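S.K.: Predicted model, plus sequence, below.
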Amino acid sequence: MNILKDVLLELFSMFVADARLTAAILAIVVIAALVIDATDLSPLVGGVFLLVGCITVLFLSVRREANRRTAQSTQAAAE
Amino acid sequence: MLEWSTAGPAVGAAFLASIVEVVEAFTIVLVVATLRGWKPAVLGTGAALAVLAAVVVILGPLLDRVPLNLLQLVIGVLLLLFGIGWLRKASLRAGGVIPLHDEDAIFAKETAELCTEVQRHKSSQDWIAGIAAFKAVLLEGLEVIFIVIAVGAGRGLLWPASLGALAACVLVLLIGAIAHRPLARVPENTLKFGVGVMLSAFGVFWTGEGLGVDWPGHDLALFVFAALFLVAGLVAARMVRQPIKEVTI
């Protein structure tokens, strides 16, 4: 049972290493799908939104994590 | 006819990602072999490979039944989650925000943990060691299978991607057999960075195709996406750069 639990946890953590990052990527995909399916715009516009959105999410996620860790170490040093 | 503009990135991504995963599994198997001998290490590894083979045999035919657009969309989204996750972590490591991975430190930590576990259950030492090897190979192997399916299934490139993964296994085992120590000199973060870039590029490509986007240049768009993610990852690492932290496990 422990092995099965570890396998399931590993599979989960493969895709949900960071909940905010996962949610942001899924939101980008949903918006891109809406742009493609629910508007008269060319599907390529949705594709470009997907690409730019994912790169933006990467930047924001890296910056957020760096800020979080810097704040943590500053707080630890102050204590 | 195999198009190398598509097959090349698929084989490359499967090869590089598999090197990362196989090196991690090899470290644990080596711990088991060093502490308890090769018998439990080989038995545990063999059992895990049998389970992985069963997963492939069961999953393989199921993939053929899924409509191509749906398969591309699902795999594309999973690749985005997986690839951008790797790229984020590799950027943070390259920027010195989180410490680098160290196989020697992992080897020492796993050795200590297995020693403790074995001492606690004196009657079944080889069994515990074999289970450790089994778990390591199974968990890392599942990631390899996902990557092979993810980069290969969308365009019928499962065999080339599998060969890329197999080549990585053979290479790590050969080097490991010669060196007989953890492969600490593998530039793991550089590999993870490269794999994160390629998986993210595949993710955007497949997700877009699954949603009905006809990418200009077709397969060649993959190279443009990879270049953009590479630049984005490097810029992100530079943006948060701090003094490099040496070791993590």
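M.R.: Yep, that arrived.
S.K.: residues of the helix ranked longest in chain B that come out buried?
M.R.: Scanning chain B for the helix with the most residues, using DSSP state H, yields helix B:4-36. Under the neighbour-count criterion of 16 or more other C-beta atoms under 10 Å in any protein chain shown, helix B:4-36 has B:6-36 buried. C-beta here means a position set from N, CA and C on the backbone, and glycine is covered the same way.
S.K.: same question, stretch B:107-118
M.R.: In stretch B:107-118, counting by 16+ other C-beta under 10 Å, buried: B:107, B:110-111, B:114, B:118.
S.K.: then it to PDB, C-alphas only?
M.R.: What follows is stretch B:107-118, C-alpha atoms only, in PDB (Å, rounded to 0.1, in the frame of the first residue of the first chain):
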ATOM      1  CA  PHE B 107      23.800   8.700  -2.300                       C
ATOM      2  CA  ALA B 108      25.000   9.500   1.300                       C
ATOM      3  CA  LYS B 109      21.400  10.300   2.500                       C
ATOM      4  CA  GLU B 110      19.900   7.200   0.900                       C
ATOM      5  CA  THR B 111      22.700   5.000   2.400                       C
ATOM      6  CA  ALA B 112      22.000   6.400   5.900                       C
ATOM      7  CA  GLU B 113      18.200   5.900   5.500                       C
ATOM      8  CA  LEU B 114      18.500   2.400   4.200                       C
ATOM      9  CA  CYS B 115      21.000   1.500   7.000                       C
ATOM     10  CA  THR B 116      18.500   2.800   9.600                       C
ATOM     11  CA  GLU B 117      15.600   0.900   7.900                       C
ATOM     12  CA  VAL B 118      17.600  -2.300   7.700                       C
END
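S.K.: in chain A, which spans are strands?
M.R.: For chain A, strands defined by DSSP state E do not occur.
S.K.: nope, chain B is what I was after
M.R.: Under DSSP E, chain B gives no strands.
S.K.: Do I have it right that residue B:45 meets residue B:132?
M.R.: No. Residue B:45 is beyond contact range of residue B:132, at 10.6 Å (criterion: C-beta atoms under 8 Å).
S.K.: Work out which residue lies at the spatial centre of chain A.
M.R.: residue A:21 (2.1 Å; C-alpha atoms, centre = their mean).
S.K.: Thanks again, I'm all set now.
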